[in-house]
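Chemist: The following block contains a protein sequence and its predicted model.
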Amino acid sequence: MSCRSRPSNCDSLCHSLARFAIQALTEAGHEVQIENLYEAEFSPSLTANERRSYYDPPFDSSAIQSQIERLLSAEALVLVFPTWWFGFPAILKGWFDRVWAPGIAYDHAIDLGPIKPRLHNLRRALAITSLGSPWWVDRLLLWQPVKRVLETALLGTCAPACQFEMLSLYKAERLSIKDVEIFCSRIQNRLAKWS
């Protein structure tokens, strides 16, 4: 198994890391379903009907039913994405807004108190991300905002039994081949523990 450090013109570092993770999971005998939001031309914007139905059930899921079905059937989730300005890319944020919706990922409490989880099938999640910043900016200055949102706001409330891990590749613009190979070894080691 190899992990390339310099992507071609039609490729990216995260795309290469995703292919590496897919290969590691496949070789370990896992069934892998791939969802590339860009290739699927997924729209990150809530439609007017979706927004209206957030608090007026049922949620209008007609435009995103295939993504919802995959999320509900998933036992594990591997997210591979670049971190931009210490947040999610817009397309991934839109996927959470539209697919992790009420009646799908959670239920609103009658009194609009804490939400009630619905993603009981989701047992494991791994986020693999790249950042241009050094580790200390993400961890010490900003307290890992992407990790906190994933771990606490999304998985913690929608799939509380899910075991979450995150691998962050820092200084992504200045990586050596060795840096990427070491990071790919970390991905392989984490996924090898999934049974």
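Modeler: Right, received. Where do you want to start?
Chemist: Can you name the residues bridging to residue 164?
Modeler: With DSSP bridges applied, the residues forming beta bridges to residue 164 are residue 125.
Chemist: Hmm, residue 150 and it touching each other?
Modeler: Yes. With contacts defined as CB atoms under 8 Å, residue 164 counts as touching residue 150 at a distance of 6.6 Å. Glycine gets a C-beta too; all of them are placed from N, C-alpha and C.
Chemist: what touches both of those two?
Modeler: Both residue 164 and residue 150 are in contact with 125, 127, where contact means CB atoms under 8 Å, 6 or more residues apart in numbering.
Chemist: Which other helices and strands does the helix or strand bottoming out on mean pLDDT in the chain contact?
Modeler: For the chain, scoring each helix and strand by mean pLDDT, DSSP states H and E identifies helix 135-136 as the least confident one, at a mean of 88. Using 3 or more CB pairs under 8 Å, 6 or more residues apart in numbering; DSSP states H and E as the contact criterion, no helix or strand is in contact with helix 135-136.
Chemist: residue ranges with poor pLDDT in this protein?
Modeler: With pLDDT under 70 as the threshold, the chain has low-confidence stretches at 1-11.
Chemist: residue closest to the middle of it?
Modeler: Compute the mean C-alpha point of the chain, and by CA atoms, centre = their mean the closest residue is residue 79, 3.1 Å away.
Chemist: So that residue, which state does it fall into?
Modeler: Secondary structure state of residue 79, per DSSP: H, G, I helix; E, B strand; the rest coil, is strand.
Chemist: Thought residue 124 was touching it, still the case?
Modeler: No. Assessed by CB under 8 Å, residue 79 is found out of contact with residue 124, at 11.7 Å.
Chemist: can you pull out the helices in the protein?
Modeler: Using DSSP state H, the helices of the chain run over residues 13-27, 48-52, 65-73, 90-99, 135-136, 145-148, 155-158, 177-192.
Chemist: Figure out which of these is closest to residue 118.
Modeler: Closest of the helices of the chain to residue 118 is helix 155-158, at 6.7 Å (criterion: CB to CB).
Chemist: which other residues reach the closest one?
Modeler: Under the criterion CB under 8 Å, 6+ apart, residues 100, 105, 106, 114, 115, 117, 118, 119, 122, 125, 162, 164 lie in contact with helix 155-158.
Chemist: Report how many residues lie close to the closest residue to residue 163 other than its chain neighbours.
Modeler: Spatially, and ignoring its direct neighbours in sequence, residue 163 is nearest to residue 124 (5.1 Å; CB to CB, 6 or more residues apart in numbering). Here the number of neighbours of residue 124 (other CB atoms under 10 Å) works out to 20.
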